[in-house]
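Asks: structure for the following, please:
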Amino acid sequence: MKLIRTTGRNARAAAAALAELERRGGAALDSVLPTVQRIVSDVRKQGDRALLRYAAELDGLAMPETGVAALRVTQEEMAAAWKALDPALRDALSTAAAQIRGFAQRQMPASWSDSTTEGLTTGQLVRPLGSVGCYVPSGRHPLPSTLLMTAIPAQVAGVKRIVVVSPKPAQETLAAAHLLGIEEFYRLGGAHSVAALAYGAASLPRVDKIVGPGNLYVTAAKRLVAFDCAIDMLAGPTEIVVTSERGNAAAIASDLVAQAEHDPEALAVFVTTREELARAVMAETRERCRNNAVAREALRRNGVAIVAGSAEEARQITNRLAPEHLTVDAASDLEWVQNAGSVFVGRWSSQPMGDYVSGPNHTLPTGGMARVRGGLSVNDFVKLITVQEYTAEGVKKLGPKTALLAEAEGLSGHAEAIRTRLKRRARG
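Replies: Numbers count the residues shown, from 1 in each chain. This next block holds a predicted model:
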């Protein structure tokens, strides 16, 4: 980890370093875009033929004579994976699923109808999306938790067709799919799976929206198809910020290492006004990642301890970074938090708890996107349809004002549509 002081003779260098951290984001996607464009185009044009080719070439799937049928995971395979799982792990998955489901149910928006003006009733209808595709990574680590985090909110929202794609799915991921009753699961990953979800193929009909994190190729493909198929967000490497004045150095370091082990490009930042605490955290991270090569590399590349000149500056820096995961000292700190994907409060709230069993979603905005949105939620799987109903009295009351506004915009047809009704009402 690098130490940055925002005051003194290094203030200018610190300001430049913080600006660079703020600008983190999608630049790396540009490096893989030509390859991704070719893959997406091939799948869009050739369908199953391209899918089979890329599944063999990129996912390492040995294709038997059954061809595309080999891409789909059977219900029997998922059931067998669940049965083979250690009972304690089955219980842990079930507990996590119940927590996530309960949180999503509390998030669910409601339909409503109200009449605040005589003769006018307005409201909204909440309707689920028709189909979604859930991308579950299966690279460096199997991520059954991501299947739970993406599919359960969709189920709570009432989505009828939920499709899971995952390259070389681990037994734990297949078991999680069985637990949730997933019916469509494909052994596919990378940009070709995103293209199939977005544009469809004979073996895999298209979906309305794609959710879930992935590597650079997956993220670039989501960006590429986003105008043809809805996506949740462009998820980059994991990020953690801990902002603390009185935290325990060992606990802080353990969370920094935990998130850093996701990816060599993960961002790990500690913000404080106390240099002695910053140095203690840095020493703890060095010790704790000694046998964790991925975390060690991430902390070498993107590990930063920032010593701010005041508590107010530390808070401003934190909001400027808009981190995916944020840990603060106490509930009172929530008053100043403006930008964060998910907040963990106090010394007992280890961030990995939120990765698995707390309930809030672990699919969160990265690259500073927490400035404009939160994490994946049940709201990502529904649409709000507004409703308005007038009576004759409502048109009499609001129609003339509406016609005036229409004429001010030069839209005479709009005004005439309203006045037609006003004349009809006058005639009885």
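
Asks: from now on I want contacts and neighbour counts done on CA atoms only, so please keep to that.
Replies: Fine.

Asks: ok, the residue nearest to Pro213 when sequence neighbours are not counted - contacts?
Replies: Excluding the flanking residues, the one nearest Pro213 by Cα to Cα, 6 or more residues apart in numbering is Ala235, at 5.5 Å. Counting by Cα atoms under 8 Å, 6 or more residues apart in numbering, Ala235 touches Pro213, Gly214, Thr219, Leu364, Pro365, Thr366, Gly367.

Asks: which of these lies closest to Gln316?
Replies: Each of the contacts of Ala235 was checked against Gln316 using Cα to Cα; the closest is Gly367, at 17.0 Å.

Asks: tell me which residues are up against stretch 307-323.
Replies: Residues contacting stretch 307-323 (Cα under 8 Å, 6+ apart): 3-7, 18, 21-22, 239-241, 243, 271-275, 278, 336-341, 365-371.

Asks: could you name the helices and strands sitting against the helix or strand harbouring Leu422?
Replies: Here Leu422 sits within helix 412-427, counting by DSSP states H and E. When contacts are defined as 3 or more Cα pairs under 8 Å, 6 or more residues apart in numbering; DSSP states H and E, helix 412-427 sits against helix 392-408.

Asks: what residue ranges in the stretch 51-200 of the chain score low on pLDDT?
Replies: 63-66 (pLDDT under 70).

Asks: thinking again about what came up before, nearest to Ala69 among the contacts of Ala235?
Replies: Distances from Ala69 to the contacts of Ala235, taken by Cα to Cα, are shortest for Gly214, at 24.3 Å.

Asks: quick check, Val225 in contact with Ala196.
Replies: No: contact criterion Cα atoms under 8 Å: Val225 and Ala196 do not qualify, at 10.3 Å.

Asks: more crowded one of these two?
Replies: Ala196 (25 against 19; other Cα atoms under 10 Å).

Asks: that older thread, buried only: go through the contacts of stretch 307-323 for me.
Replies: 3-6, 18, 21-22, 239-241, 243, 271-275, 278, 337, 339-341, 365-371 (16 or more other Cα atoms under 10 Å).

Asks: quick check: Ala280 vs Thr117, distance?
Replies: 62 Å (Cα to Cα, to the nearest Å).

Asks: one more: Leu216?
Replies: 51 Å.

Asks: what of Asp208?
Replies: Taking Cα to Cα, one finds Asp208 at 37 Å from Thr117.

Asks: equivalent analysis for Val328, please.
Replies: 45 Å.

Asks: compare those two (neighbour count), which wins?
Replies: Val328 (23 against 12).

Asks: apart from its chain neighbours, what residue comes closest to Ala295?
Replies: Once flanking residues are discounted, Ala295 sits nearest to Glu261: 4.0 Å by Cα to Cα, 6+ apart.

Asks: and the pLDDT at that neighbour?
Replies: As predicted, Glu261 sits at a pLDDT of 95.

Asks: quick one, phi/psi of it?
Replies: Glu261 adopts backbone torsions of phi -70, psi -10, taken as degrees, to the nearest 10.

Asks: I'd say it and Arg300 touch.
Replies: No: Glu261 is not in contact with Arg300 according to Cα under 8 Å; the separation is 11.9 Å.

Asks: more neighbours: which of these two?
Replies: Set side by side, Glu261 and Arg300 show more neighbours around Glu261, with 20 against 16, by other Cα under 10 Å.

Asks: mind checking how far that one is from His141?
Replies: Glu261 is 10 Å from His141, by Cα to Cα.

Asks: and the strands in the stretch 51-200 of the chain?
Replies: 112-117, 120-128, 131-135, 161-165, 184-186 (DSSP state E, counting those that start in this stretch).

Asks: most tightly surrounded among those?
Replies: strand 131-135 (a mean of 25; mean count of other Cα atoms under 10 Å).

Asks: that one packs against which elements?
Replies: helix 144-157, strand 161-165, strand 209-211.

Asks: list the neighbouring strands of the second one plus their orientation.
Replies: Looking back up the chat, that one is strand 161-165. Taking DSSP bridges as the criterion, strand 161-165 forms sheet pairs with strand 131-135 (parallel), strand 184-186 (parallel).

Asks: just want the angle from that strand to helix 144-157.
Replies: 170 degrees (axes from the mean of the first three to the mean of the last three Cα atoms, to 10 degrees).

Asks: report the distance from strand 161-165 to the chain centre.
Replies: Relative to its chain's centre, strand 161-165 lies at 16 Å (Cα atoms, centre = their mean, to the nearest Å).

Asks: how about the shortest one?
Replies: A distance of 10 Å separates the centroid of the chain from that of strand 209-211, by Cα atoms, centre = their mean.

Asks: stretch 240-256 now?
Replies: 24 Å.
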